[in-house]
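Asks: Just the structure for this:
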Amino acid sequence: MRLAHVALWTRDLDASAAFWQRLFGATIAPPYRSQRRPGFVSIFATLPGDTLRLELMAAPWLADAPAGDAVGWDHVAISLGDAAAVDALATLSASEGCLLSAPRRTGDGFYEAVIATPDGTRVEVTA
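Replies: Model prediction:
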């Protein structure tokens, strides 16, 4: 297993991307605009060495952020290597009562499921 990416909510996507690029030498990908969540935009910032990616996320609802959608770190994504491993962990998580989102192919190309830690922190498990 390896860490796939870490997501960070921000109110200013351009300023956040510029910060990671300027201070850490990140390569900034083109923005992704969700069809499922209108207004949601994310940009991946890949740090040198290609071993750490940050998903910088912005949305108009951040001004009135409900629980779980606030400025700051949002979730950790862990790559399990393949879809079968994601499916198996999702099945186990469902039996434990902590599966938040069943496996699916996302609009930005990931095959993932979302589980919750005991304190409610979201963890994406990806192929």
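Asks: Which strands or helices does the worst-scoring helix or strand of the chain on mean pLDDT pack on?
Replies: One helix or strand of the chain scores below all others by mean pLDDT, DSSP states H and E: strand 72-79, with a mean of 79. The helices and strands touching strand 72-79, judged by 3 or more C-beta pairs under 8 Å, 6 or more residues apart in numbering; DSSP states H and E, are strand 2-9, strand 122-126. Backbone N, C-alpha and C define where each C-beta goes, glycine included.
Asks: what about dumping the CA coordinates of that strand to PDB?
Replies: Extracted as PDB, the C-alpha positions of strand 72-79 are listed here (Å, rounded to 0.1, in the frame of the first residue of the first chain):
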ATOM      1  CA  GLY A  72      -8.300  22.400   6.200                       C
ATOM      2  CA  TRP A  73      -7.400  18.700   5.600                       C
ATOM      3  CA  ASP A  74     -10.400  16.600   4.400                       C
ATOM      4  CA  HIS A  75      -9.400  13.000   3.800                       C
ATOM      5  CA  VAL A  76      -6.500  10.600   3.100                       C
ATOM      6  CA  ALA A  77      -6.600   8.400   0.100                       C
ATOM      7  CA  ILE A  78      -4.800   5.000   0.200                       C
ATOM      8  CA  SER A  79      -4.100   3.100  -3.000                       C
END
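Asks: for A85, phi and psi?
Replies: The phi and psi torsions at A85 (degrees, to the nearest 10) take the values phi -70, psi -40.
Asks: Leaving out the residues flanking it, which one is nearest to it?
Replies: A127 (7.2 Å; C-beta to C-beta, 6 or more residues apart in numbering).
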